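J.: Can you look at this prediction? I've put the sequence above it.
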Amino acid sequence: MWRRRRRTLLTAAAIAVGIMYFVVFDSLLAGADRDAQINTIDFETGHLWVSASAGSDDAVARPTAENTIPSGQALAQAIAELSGVAGAAPRLVFPASLIAGLDELPVSVVGVDPEADPQVFRVSQFVSSGRWLERGEEGVVLGRRIADLLQLEPGDLVTVRTQTAGLAFQAVDLAVVGTVETPHPTVNQSQAFVPLDAAQSAVGAPGRATSIHVRARAAAQVASQRDLSSLAKSIPMLACWDPGWHVNTWQEAASFLTIGSTKRTFAMILLGLVVVISVIGVVNSILLSTLERVREIGMLKAMGMDERDITAVFIMEGGGLGLLGCALGTAAAIAGNAYFVNVGLSLRAFIGDMDLDIGYPIADRMYGVWNWTTMLWAIAVGLAVALAASYFPARRAARLDPAESLRRL
Amino acid sequence: MHLIEARDLTREYSHGRMTVPALTGVDLDVEAGEFTAIAGPSGSGKTTLLNLIGCLDRPTRGRLIIDGDDVSSYTPSMLSGLRREKIGFVFQTYNLIPVLTAYENVELPLVLLGGGTRSETRGRVMSMLSEVGLAGLENRRPMDLSGGQQQRVAIARALVKQPRLVLADEPTANLDSENSEAILALMKTLNETMGATFLFSSHDPLVIGYARRLVRMRDGKIALDERRQTACSASTSGSPLRTCGAAEDEPS
């Protein structure tokens, strides 16, 4: 194996690069998945949410009597008292335009209970300027990107124009009290938070909420499906429950989960590349090795080595190549992954200053995760492929005619 | 019982539609312990005969009996086993494994044979290297040895497993006359001391002069088979042509 060091190292390096790419790519996707799940729960839905209409509709609709829950605060309080619930908060979400001077921007206005909302969501922890909302005030907290586009800062006034349930246009002037910059791009790009009563008044829906969001008490950040199922069953047992309402889990809003198969396809393509690189590298290396050693093979056969022994010699050489490639690949994958776990991959480097929409509710930096199972898989595949790929040239060498081999120059 | 018994041994090579006979109906008996030279010009069939007797090739026709066993019907695996246990080879180009040391090259046949303990193996290898005059050079790789030294390693490798038969194809063709003589003297000594049967091919009169029996080949057939009363002894110094006066002029 070491007779041609450069060739051996090049082949091993090719296998190593393949393994490293596969491991790092899988790590980044798994990291994006994890962050997206956390962001969905922490900034969009909570663990569960109750709505007047079934399922999740990505488009924010104008609140009507049909798609809102009356007495949202009361239902939230009742849910918050259930065992296993860490917090419950009503939200009234509707489409609106923000007008600042000559600039106008379509946004989703999110009416929140400034005190209950932080028990479910983490938006209030990401105030980048000014402060979070207070109950009863005529103020608004803007996503950072909105504030930048409209060139608004805390203290400025902004007009919120919307339609009431009766389709009448209504404009309300609110003072910007703060901005938020969260790890969830949708919040930063399109959400404006106002106190719930101000929101209800703006759309003429007093007491109503489009949804009640629930955070479960769970040790893990992403509560287990079993915890959520039992909680989801206990909510409709409440006395104030209306059979027309629905309990939804966060997964129903997580549209990114449906692109899991695309992710798996990408991972398989990369794994396929590892296989192709390994096969080409190892076959080439072992084939050249056998061609260079024809006389030696003849001599070994003359000494009494049979076909099986010769095959084993070259398969072991291929296995050695695979092992070296896997060792280098694992070292490179650990080093590369450590970087992405700690520093992350900046998506801004690829998309510049554009708004981020890659189908994942994640910030502009992707972080990797440690997935030792993937690493073991990559090593096992690299090694198995190296062994399998060396079989063909090894058999070819083993079948050489000894007398003919010894005649070769 | 003869060690080698060849009857009507024929080997033909096919080149497209043409069939070229390399060996035609050769009958040859070799006794155990003989020191036999197969002489003849290039293309006379020397190497083909050695390849067939060494079970590296199969005859197109004829029978070959080695040490009492008819090997004509042996499977490739059985032939490998026979070569491993009973036959040692020495080649013109030494054919040592370049990445192994002299010790490891000589050790290889014993490793393939299996069975012995590590200390037994070491003892046999070191003793064999000493027999061929390479004591102290066991850790050198082939590229660090002269041609003569490499051929000594090859001889040690062929003999370390104490085979019944040693086949040497032009063993001195790559050596100068001084080294050739030394190698021949060594082979002769080992033939006498270890009792191994030597069958070697050459067209070098110096080599032929050492043989007790000369088989001369021409056009794939045995043209002459003679046993000599006197051949050059291993202790003879200088040219065997001078001391024995028995060698004939060899056509080139």
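T.: Yes, it's here.
J.: Got phi/psi on the closest residue to residue B:63 other than its chain neighbours?
T.: Nearest residue to residue B:63, sequence neighbours excluded (Cβ to Cβ, 6 or more residues apart in numbering or on different chains): residue B:7, at 4.6 Å. To be clear about C-beta, it is placed using only N, CA and C from the backbone, and glycine gets the same treatment. The phi/psi pair for residue B:7 (degrees, to the nearest 10) reads phi -130, psi 120.
J.: Also residue A:180?
T.: Note on residue A:180: its backbone torsions stand at phi -120, psi 140 [degrees, to the nearest 10].
J.: From the recorded domain assignment, give the ranges for chain A.
T.: A:5-38+A:258-407, A:89-212 (automatic domain parsing).
J.: Figure out how far the longest one is from the centre of its chain.
T.: When C-alpha coordinates are averaged (Cα atoms, centre = their mean, to the nearest Å), domain A:5-38+A:258-407 and its chain have centres 25 Å apart.
J.: Between the two ends of it, how far is it?
T.: Using Cα to Cα, to the nearest Å, one end of domain A:5-38+A:258-407 lies 27 Å from the other.
J.: cool, stretch B:165-182 as well?
T.: So stretch B:165-182: terminal residues 21 Å apart, Cα to Cα.
J.: still on that earlier bit, state whether the residue nearest to residue B:63 and residue B:70 are indeed in contact, as I suppose.
T.: No. In this structure, residue B:7 is not within contact of residue B:70 by Cβ atoms under 8 Å, at 9.9 Å.
J.: More neighbours: which of those two?
T.: Counted by other Cβ atoms under 10 Å in any protein chain shown, residue B:7 and residue B:70 do not tie: residue B:7 has more neighbours, with 17 against 12.
J.: contacting residues for that one?
T.: Residue B:7 makes contact with B:27, B:62, B:63, B:64, B:65 under the criterion Cβ atoms under 8 Å, 6 or more residues apart in numbering or on different chains.
J.: Give me the buried entries from those.
T.: The neighbour count (16 or more other Cβ atoms under 10 Å in any protein chain shown) marks B:62, B:64, B:65 as buried among the contacts of residue B:7.
J.: Just the element for the second one, please.
T.: Meaning residue B:64. Under the criterion of DSSP states H and E, residue B:64 resides in strand B:61-66.
J.: Name the nearest residue to residue A:397, ignoring sequence neighbours.
T.: Using Cβ to Cβ, 6+ apart, the nearest residue to residue A:397 is residue A:290, at 3.8 Å.
J.: Flag every buried residue along the one helix or strand the one you found maps to.
T.: Using DSSP H and E, residue A:290 sits within helix A:260-292. Using 16+ other Cβ under 10 Å as the test for burial, helix A:260-292 gives A:263, A:267, A:270-271, A:274-275, A:277-279, A:281-287, A:289-290.
J.: what's that helix packed up against?
T.: helix A:5-39, helix A:307-342, helix A:372-398 (3 or more Cβ pairs under 8 Å, 6 or more residues apart in numbering or on different chains; DSSP states H and E).
J.: Take those and lay them out in a markdown table including mean neighbour count.
T.: Formatted as a markdown table, the helices and strands packed on helix A:260-292 follow (neighbours: other Cβ atoms under 10 Å in any protein chain shown):
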| stretch | mean neighbour count |
| --- | --- |
| helix A:5-39 | 21 |
| helix A:307-342 | 19 |
| helix A:372-398 | 19 |
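J.: As JSON lines, the ones you listed with distance to residue A:240 and mean pLDDT would be great.
T.: As requested, these are exported to JSON lines (distance: least, Cβ to Cβ, whole Å; pLDDT from 0 to 100):
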{"stretch": "helix A:5-39", "distance to residue A:240": "30", "mean pLDDT": "85"}
{"stretch": "helix A:307-342", "distance to residue A:240": "46", "mean pLDDT": "91"}
{"stretch": "helix A:372-398", "distance to residue A:240": "46", "mean pLDDT": "88"}
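J.: Turn the ones you listed into a markdown table, including distance to residue B:209.
T.: Compiled in a markdown table, the helices and strands packed on helix A:260-292 are given as follows (distance: least, Cβ to Cβ, whole Å):
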| stretch | distance to residue B:209 |
| --- | --- |
| helix A:5-39 | 47 |
| helix A:307-342 | 39 |
| helix A:372-398 | 40 |
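J.: check contacts around residue A:121.
T.: A:42, A:43, A:46, A:89, A:112, A:213.
J.: Overlap of the contact sets of residue B:7 and residue B:70?
T.: B:63, B:64.
J.: can you give me phi and psi for the closest residue in space to residue B:28 that isn't next to it in sequence?
T.: Once flanking residues are discounted, residue B:28 sits nearest to residue B:6: 4.4 Å by Cβ to Cβ, 6+ apart. Dihedral pair for residue B:6: phi -110, psi 130, per degrees, to the nearest 10.
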